[in-house]
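# Okay, structure incoming, though there's no sequence with it:
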């Protein structure tokens with residue numbers, strides 16, 4: 001789910017002790033983003049910042065992105081995503097029902113196959129394997145792992161590594177096969193003196209809808225609310241401006257750093273302990289996703305790059321940032337990740353307590369069978 005749900009909320013201005021690690025995190029993220037941009041890596045801003053901050057975290061540096069800053073960046077990113085929408089883009093929605101149905105089937109198969117892989121190849125208990133396998137439900141999986149005394153470290157590393165593999169691997173794969181877009185699908189004019197009124201409307205509507213979605217606890221509400229407001233204005237041809245690059249690019253860098261900061265307080269030894277489980281489970285999920293991408297692109301007149309990111313087993317807000325960086329169709333990508341998230345969240349919420357009860361009952365039976373155990 002959203003990257004922010006596991007971040008504690010601290011009202012007020014950041015303290016000096018928070019400001020120092022935040023500044024360090026942003027500097028490291030900027031260096032990584034600029035380096036990847038210079039070498040021409042697709043989606044270099046987000047992938048470079050994420051990898052640089054991940055390395056910093058694994059080296060023991062206190063990587064941290066404050067919640068207020070992350071929230072502002074989600075609103076900015078959502079507003080930029082909505083600017084890609086045009087009336088022509090919205091006309092393609094009629095071809096989506098089959099694609100959305102297939103992404104749901106894909107998510108179900110990912111969940112089943114990855115659970116079996118973690119359970120029988122790497123010896124995870126059934127509940128931990130199930131929570132580690134749930135695609136795009138990081139916050140929910142970690143919360144349930146803590147509540148039901150599952151292997152929280154294993155679940156966190158498996159989930160985070162999958163996002164890492166997707167964020168680095170998919171842009172590279174798109175570039176390798178010549179599928180990465182080199183320019184946005186629609187051109188919007190930059191901000192000038194004559195467009196300040198339109199810009200004010202764009203920022204106001206996008207921010208208002210983002211806050212409403214957040215208040216309603218809508219999944220990824222800040223990003224999807226801002227996207228909806230911007231998409232309505234641009235898709236309806238009401239405004240023709242977008243946010244300047246010097247505002248959008250730093251927002252993408254910050255959100256990449258937010259993903260990398262998940263590895264804070266994680267050592268290299270911890271990663272090594274679950275490395276093959278994490279990499280193998282990510283491979284299983286990506287393989288299933290790739291199979292469905294081939295089916296969808298064969299059946300429907302959709303761009304391969306759009307379908308690839310829409311079916312990728314990553315967190316919905318992370319995939320939306322990637323869609324922005326790769327200049328893809330945000331409405332198509334967002335609709336599919338939202339559909340998958342809702343299904344996965346519902347299934348995990350129903351199944352995890354049952355697995356926990358079954359696992360608890362099994363442990364109790366084994367305890368009673370031990371020599372000297374109390375028997376009724």
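Looks like it came in fine. What you are looking at is a predicted structure, and each value in this text was computed from that prediction instead of being measured. Residues are numbered from 1 along each chain as shown.
# Tell me, how many residues neighbour residue 200?
12 (other CB atoms under 10 Å). Using the backbone N, CA and C atoms, a C-beta is placed for each residue, glycine as well.
# Which pLDDT value goes with it?
Note for residue 200: predicted pLDDT of 90.
# any idea which element it lies in?
helix 196-215 (DSSP states H and E).
# so residue 118 makes contact with residue 127?
No: at 10.8 Å, residue 118 and residue 127 do not qualify as touching, with contact defined as CB atoms under 8 Å.
# Now residue 299. Nearest residue, chain neighbours left out?
residue 98 (6.8 Å; CB to CB, 6 or more residues apart in numbering).
# ok, that neighbour - contacts?
Contact partners of residue 98, counting by CB atoms under 8 Å, 6 or more residues apart in numbering, are 296, 299, 300.
# where does the stretch 151-300 of the chain have low pLDDT?
179-194 (pLDDT under 70).
# make it 80
174-195, 219-220 (pLDDT under 80).
# what about the helices in it?
Counting by DSSP state H, counting those that start in this stretch, the stretch 151-300 of the chain has helices at residues 152-176, 196-215, 221-235, 245-260, 268-299.
# Run the angle between the shortest one and helix 196-215 for me.
Which is helix 221-235. 140 degrees (axes from the mean of the first three to the mean of the last three CA atoms, to 10 degrees).
# Check the first one too.
Interaxial angle of helix 152-176 relative to helix 196-215 (the same axes, to 10 degrees): 150 degrees.
# list the buried ones in helix 152-176?
Neighbour counts over helix 152-176 (16 or more other CB atoms under 10 Å) mark 152, 154-168, 170-171, 173-174 as buried.
# quick revisit: how far does the helix holding residue 200 sit from its chain's centre?
Here helix 196-215 is found 23 Å from its chain centre; the criterion is CA atoms, centre = their mean, to the nearest Å.
# If you count contacts, what does it end up packed against?
helix 67-82, helix 221-235 (3 or more CB pairs under 8 Å, 6 or more residues apart in numbering; DSSP states H and E).
# May I see the buried residues of it?
198, 199, 202, 203, 205, 206, 207, 209, 210, 211, 213, 214.
# What is the burial count for residue 133?
Counted with other CB under 10 Å, residue 133 comes out at 30.
# That one - nearest residue in space that isn't next to it in sequence?
The shortest distance from residue 133 to any non-neighbouring residue, by CB to CB, 6+ apart, is to residue 114 (3.5 Å).
# Assumed the one you found was part of a helix.
Yes: using DSSP: H, G, I helix; E, B strand; the rest coil, the assignment for residue 114 is a helix.
# Would you confirm that it contacts residue 285?
Yes: if you go by CB under 8 Å, residue 114 and residue 285 touch, sitting 5.5 Å apart.
# tell me, what's touching the two both at once?
By CB under 8 Å, 6+ apart, the residues touching both residue 114 and residue 285 are 133, 135.
# Which helix or strand contains residue 124?
Under the criterion of DSSP H and E, residue 124 resides outside all helices and strands.
# per-residue confidence for the residue lying closest to it once chain neighbours are set aside?
Leaving out its chain neighbours, the residue that sits closest to residue 124 by CB to CB, 6+ apart is residue 118, at 4.2 Å. You'll see residue 118 listed with a pLDDT of 95.
# give me every residue that touches residue 118.
124, 128, 129, 132, 133, 158, 277, 281.
# If we use 6 Å, what do you get?
124, 129, 132, 281 (CB atoms under 6 Å, 6 or more residues apart in numbering).
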